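Novice: Next input, structure requested:
(6 chains)
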There are 6 protein chains.
Amino acid sequence: MFSFKVNESISLELLQQHHSKEIFELIDTNRDHLRQWLLWVDKRKSADDMVPVIKYWLDNLASNHGFDVAIRYNGKLVGMIGVQFEWGNRAATIGYFISKDSEGKGIITTSLKSLIKELFDRYSMYRIEIQCAANNLKSQGIPERLGFKKEGIKRAGQFLYDHYEDLIVYSFLRNEQS
Amino acid sequence: MFSFKVNESISLELLQQHHSKEIFELIDTNRDHLRQWLLWVDKRKSADDMVPVIKYWLDNLASNHGFDVAIRYNGKLVGMIGVQFEWGNRAATIGYFISKDSEGKGIITTSLKSLIKELFDRYSMYRIEIQCAANNLKSQGIPERLGFKKEGIKRAGQFLYDHYEDLIVYSFLRNEQS
Amino acid sequence: MFSFKVNESISLELLQQHHSKEIFELIDTNRDHLRQWLLWVDKRKSADDMVPVIKYWLDNLASNHGFDVAIRYNGKLVGMIGVQFEWGNRAATIGYFISKDSEGKGIITTSLKSLIKELFDRYSMYRIEIQCAANNLKSQGIPERLGFKKEGIKRAGQFLYDHYEDLIVYSFLRNEQS
Amino acid sequence: MFSFKVNESISLELLQQHHSKEIFELIDTNRDHLRQWLLWVDKRKSADDMVPVIKYWLDNLASNHGFDVAIRYNGKLVGMIGVQFEWGNRAATIGYFISKDSEGKGIITTSLKSLIKELFDRYSMYRIEIQCAANNLKSQGIPERLGFKKEGIKRAGQFLYDHYEDLIVYSFLRNEQS
Amino acid sequence: MFSFKVNESISLELLQQHHSKEIFELIDTNRDHLRQWLLWVDKRKSADDMVPVIKYWLDNLASNHGFDVAIRYNGKLVGMIGVQFEWGNRAATIGYFISKDSEGKGIITTSLKSLIKELFDRYSMYRIEIQCAANNLKSQGIPERLGFKKEGIKRAGQFLYDHYEDLIVYSFLRNEQS
Amino acid sequence: MFSFKVNESISLELLQQHHSKEIFELIDTNRDHLRQWLLWVDKRKSADDMVPVIKYWLDNLASNHGFDVAIRYNGKLVGMIGVQFEWGNRAATIGYFISKDSEGKGIITTSLKSLIKELFDRYSMYRIEIQCAANNLKSQGIPERLGFKKEGIKRAGQFLYDHYEDLIVYSFLRNEQS
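Specialist: Residues are numbered from 1 along each chain as shown, chains lettered A, B, ... in the order given. Alright, predicted model coming up:
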């Protein structure tokens, strides 16, 4: 019900219980696509499984630790963005995914551009971090297009089913805004 | 950061910690106006006092018990609306206040019109209730203009400093929507 | 073990775990009678199901939010009374039920007469409220015999299986005591 | 409000918030008498100090860990009895105190006689224990008059301000009831 | 990973989750031996059952209520010791068990000798208590060899499946140290 | 009381409440040295301030999220090591500090060498991470001597009083053990 407007096509909706069906369907129709990089996909087997997850996200918001939004594009849920705050160091970490058939339209990049401005202006963050799997070239394109700096490689940073993936760490600082 | 758009001038913003200064100033510049009908006004003495209150509101959201929004009108916070759900009976109760110098412009009435539609459509509520102090004629005008039915008088329903106020109970049902 | 004596025949017993069998049997032998007006009846399937419910009632007592008592009449459990406090407004709401074969003896009315005096004297309540389903004429007889004033009708105030019931709201104020 | 009747003169009242003044006055007028054997006396400096203590006692009741009652004798609070359950072994431990000017009337002994019957019958306890300071001869008279068996001496069992007191341990078993 | 060294052969290891398999195997291979005196043995059916138990023990440590250690003897887990503190009276109670094939080597006695010194010196305890079933002569040998004083018999102090066992209570005071 | 032995001179002691004075004195006599890189130093003003901090560390242990140890060197507390687990990815992050007059003796390096072996063997970690301020060359010497690989620079990763410090990120993987 509550959203952050990115542009005429895109808005970021705070995830509430009334989204449980819609967000489950997004996951369910993109299982193969998402489980490549996300370990939790197989655990979500019905809309009911989303109820405690959505409560967890909103508890995070209430504790001011971060927030999770759905991306609505031309009326349809097409992805998610999660933000976690580390207040002591004024740092935020961003994660995201998008459905297979909405890739290639710049939806995440456009969304993050607006969202990052909010993180600097409204939440007084100083550092924004994005981590991408070293083998996930599409995902890396996003921080790169946004002008993030590649800081290094977090070796074996993510466990995926039967192996460890390296993660590329990108950051963007407040004083790098144009 | 997350809002529900009512029209070009009005939006309802989910209250987060970044609102603490702005919501305190709204209360602080309307103390005499608000303390007529609201017992908690004197307890809010600084923006810091809002921090646990805002957390309480967001905990309510996370538990799906209701939500609290600020009314932004042409860029400025001018009031608040709170909604509490009683899921067992699909009933919601609405409370509100507006700053003295924003009265008379239909801001609350317009906001509630959109909000009530959400409560029926998105939250599947069946009954919406509003209670107004019997001596607060301006407040009563709002449910009346919205087509609420006056159900009765809750005698001595609200304690205010040194006496009890009667409350008029209004309701609107899903099947009364036009 | 702890009770409030109403008269030689009636006492109100604070519900503890040692009542779990007895209170379950009261519900179990009155299922058809009770489920007309009470949605939770079908959920209580054994004495064990009462254990968390009794703990919930006693947690309420410990938090000073209200209390729940069994009505013992000539040695037998015949009904229940629950009281909820709203301390900010010094208001209490009372609910009750009685077994089918103990109806018509004035047991609830007599019990409430004593109980209400306690609510005014010991708990300093100012307003006592009772809500009865509009179709439950027997229940309405109780506040009416006790001199409660009918304040209005809470439309669609209670969801029951497949429809909404209107509720009649009655109240009695401290200054109306004779 | 809820009590267990011992005889025409004595009843045991479950301690609730409405007792906070009365129980504080009992302690306050017996400070010298009580602090001989009870370490917590000096911490209770006003009726308000009793509020969290009473909540703690009622939380104990709600968790079925025990209960705390005031002794009312001819209309006046004259003492307290506390019971703690150890369910795994069906054992209860009893503690008590009485005001100086109510000593010598058998009030505690008479109360415990009835209470112990409840502990066996209603709570299915098997073993009841009472511990008395070795130097508190008056206190020891109570289990002795009730037919408890002296089991031994718990050396240095209680810390009191600047030294340790030995405790005499008494017990009474279900099969010793006459 | 963290241990208290008793001598070259014996160390007491703070129980952590990485012990879950090893501690389960100790219990599992000693079921008949342990269930004679310990009621909980039958409830531990797999290493997974130990996970919440180990968390409970460490929560106890974090709250400073006591601690639970495994006894490692020449590289193998052979028993357990648990300590509970009663800070108000500077009293600690010790419980223990050892595997059948490690009995008779003085492992518990030697361990407790060092542990008791810690309880006096590091935790400033004044009284140490050990309770043994009256029929468990082997267990009684331990406090007796350590110079504990027999204080009395706690009649029917422990429920075991279908009967109550008497417990012998032993204690050792700080000023009895040689 | 519970420790992990590194060698004849060094042991790592799990921090418990009985360390509160000793750990406070370590901090208090190294304030200028420690506050260069640690923001929390000024908040610890007495041994009592350590009580909730130590409880927090032990709660972490109980939840299996990590642990905090004091370094004892020839009988004296000279530093601290903290470990945080990220179980999903089998990753541990290590932090440490040492008193000014114990620097240069290889105490941390030697301690971490043993500790890291534990993290791989006992906790099945796969990746160990250490972050050092870019200006803290002494600190960087430790992962470098231990064969950690420098992965990159976390820009503005730590807020310190009035500015942000860059952090150098080092890691060591299980398969890099010799």
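
Novice: Correct me if wrong: A:Thr109 contacts A:Leu146.
Specialist: Yes: assessed by Cβ atoms under 8 Å, A:Thr109 is found in contact with A:Leu146 at 6.3 Å. Where you see a C-beta, it was placed from the backbone N, CA and C, and this is true even at glycine.

Novice: Check which residues of stretch A:116-134 are buried.
Specialist: A:116, A:119-120, A:123, A:125-134 (16 or more other Cβ atoms under 10 Å in any protein chain shown).

Novice: got the phi/psi numbers for A:Gly82?
Specialist: When read as degrees, to the nearest 10, the backbone of A:Gly82 gives phi -120, psi 140.

Novice: Identify the residues contacting it.
Specialist: Counting by Cβ atoms under 8 Å, 6 or more residues apart in numbering or on different chains, A:Gly82 touches A:57, A:66-69, A:94-96.

Novice: Looking at those, which one is closest to chain E?
Specialist: Closest to chain E out of the contacts of A:Gly82 is A:Trp57 (25.5 Å), distances taken as Cβ to the nearest Cβ.

Novice: So the closest one: helix, strand or coil?
Specialist: helix (DSSP: H, G, I helix; E, B strand; the rest coil).

Novice: my guess is A:Gly88 meets F:Phe159, correct?
Specialist: Yes: applying Cβ under 8 Å, one finds A:Gly88 in contact with F:Phe159, separated by 6.4 Å.

Novice: distance of A:Tyr126 from A:Val83?
Specialist: Distance, A:Tyr126 to A:Val83, by Cβ to Cβ, to the nearest Å: 14 Å.

Novice: Need the pLDDT of A:Glu144.
Specialist: Note on A:Glu144: pLDDT of 98.

Novice: which residues in chain A form helices?
Specialist: Here chain A has its helices, by DSSP state H, at A:20-28, A:31-35, A:47-62, A:107-121, A:137-145.

Novice: contacting residues around the residue nearest to A:Tyr164 when sequence neighbours are not counted?
Specialist: Spatial nearest neighbour of A:Tyr164, chain neighbours left out: A:Ala156 (3.7 Å); criterion: Cβ to Cβ, 6 or more residues apart in numbering or on different chains. Neighbouring residues of A:Ala156 by Cβ under 8 Å, 6+ apart: A:164-166, F:89, F:91, F:126-127, F:171, F:173.

Novice: Out of those residues, which two sit at the greatest distance?
Specialist: A:Glu165 and F:Ser171 (13.9 Å; Cβ to Cβ).

Novice: Who has more neighbours out of the two?
Specialist: F:Ser171 (24 against 18; other Cβ atoms under 10 Å in any protein chain shown).

Novice: isn't the more buried one right next to A:Tyr164, touching?
Specialist: No: taking contacts as Cβ under 8 Å, F:Ser171 lies outside contact range of A:Tyr164: 11.5 Å.

Novice: Between those two, which contacts overlap?
Specialist: By Cβ under 8 Å, 6+ apart, the residues touching both F:Ser171 and A:Tyr164 are A:156, F:127.

Novice: give the contact list for A:Leu15.
Specialist: A:Leu15 neighbours (Cβ under 8 Å, 6+ apart): A:23, A:54, A:57-58, A:68-70, A:80.

Novice: For chain E, tell me which of the residues you listed show up nearby.
Specialist: Filtering those for proximity to chain E by Cβ under 8 Å from any Cβ of the partner chain leaves nothing.

Novice: Please work out how many residues are found near the nearest residue to A:Leu58 once chain neighbours are set aside.
Specialist: Of all residues not flanking A:Leu58 in the chain, B:Ala62 sits nearest, at 3.5 Å (Cβ to Cβ, 6+ apart). When neighbours are defined as other Cβ under 10 Å, B:Ala62 has 21 of them.

Novice: Do I have it right that A:Arg90 meets A:Arg127?
Specialist: Yes: A:Arg90 is in contact with A:Arg127 according to Cβ under 8 Å; the separation is 6.7 Å.

Novice: Next, the buried residues of stretch A:89-98.
Specialist: For stretch A:89-98, by 16+ other Cβ under 10 Å, it's A:89-98.

Novice: Relative to chain B, which of those is nearest.
Specialist: A:Ala92 (12.8 Å).

Novice: roughly how far apart are A:Leu77 and A:His19?
Specialist: Applying Cβ to Cβ to A:Leu77 and A:His19 gives a distance of 8 Å.

Novice: intersection of neighbour lists for these two?
Specialist: Joint contacts of A:Leu77 and A:His19 (Cβ under 8 Å, 6+ apart) are A:13, A:70.

Novice: about what we covered before: ok, A:Gly88 and F:Phe159, which is more surrounded?
Specialist: Neighbour count, other Cβ under 10 Å: between A:Gly88 and F:Phe159, F:Phe159 has more, with 18 against 10.

Novice: Setting aside sequence neighbours, what's the nearest residue to that one?
Specialist: In space, and not counting its chain neighbours, F:Phe159 is closest to A:Asn89: 4.6 Å by Cβ to Cβ, 6+ apart.

Novice: What of A:Ile116?
Specialist: A:Ile128 is the one closest to A:Ile116 (Cβ to Cβ, 6+ apart), at 5.7 Å.

Novice: In strands, which of the buried residues of stretch A:116-134 fall?
Specialist: Judged by DSSP state E, the subset of the buried residues of stretch A:116-134 located in strands is A:127-133.

Novice: A:Lys100 contacts A:His33, doesn't it?
Specialist: Yes: A:Lys100 lies in contact with A:His33 (Cβ under 8 Å); the separation is 4.3 Å.

Novice: and these two? which has more neighbours close in?
Specialist: A:His33 (17 against 12).

Novice: what residues are up against the more buried one?
Specialist: A:His33 neighbours (Cβ under 8 Å, 6+ apart): A:99-100.

Novice: Residue numbers of chain A in contact with chain B?
Specialist: Counting by Cβ under 8 Å from any Cβ, chain A sits next to chain B at A:1-5, A:13-14, A:16-18, A:55, A:58-59, A:61-64, A:69, A:118, A:122-123.

Novice: Narrow those residues to those that are buried.
Specialist: A:1-4, A:13-14, A:16-18, A:55, A:58, A:61-62, A:64, A:69, A:123.

Novice: Tell me the one among those nearest to B:Met50.
Specialist: For these, the nearest to B:Met50 is A:Asn64 (12.7 Å; Cβ to Cβ).

Novice: so that closest one touches A:Phe85, yeah?
Specialist: Yes: using Cβ under 8 Å, A:Asn64 is in contact with A:Phe85, at 6.9 Å.

Novice: Could you find the closest non-adjacent residue to A:Ile153?
Specialist: With Cβ to Cβ, 6+ apart, the residue lying closest to A:Ile153 is A:Asp166, at 5.3 Å.

Novice: Touching, that neighbour and A:Ala134? I think so.
Specialist: Yes: using Cβ under 8 Å, A:Asp166 makes contact with A:Ala134 at a distance of 4.0 Å.

Novice: overlap in contacts of these two?
Specialist: Contacts common to A:Asp166 and A:Ala134, judged by Cβ under 8 Å, 6+ apart, are A:Ile153.

Novice: Quick check: the residue of chain A nearest chain C.
Specialist: For chain A, Cβ to the nearest Cβ, closest residue to chain C: A:Gln17, 18.5 Å.

Novice: if I look at that residue, how far off is C:Thr93?
Specialist: Applying Cβ to Cβ to A:Gln17 and C:Thr93 gives a distance of 28 Å.
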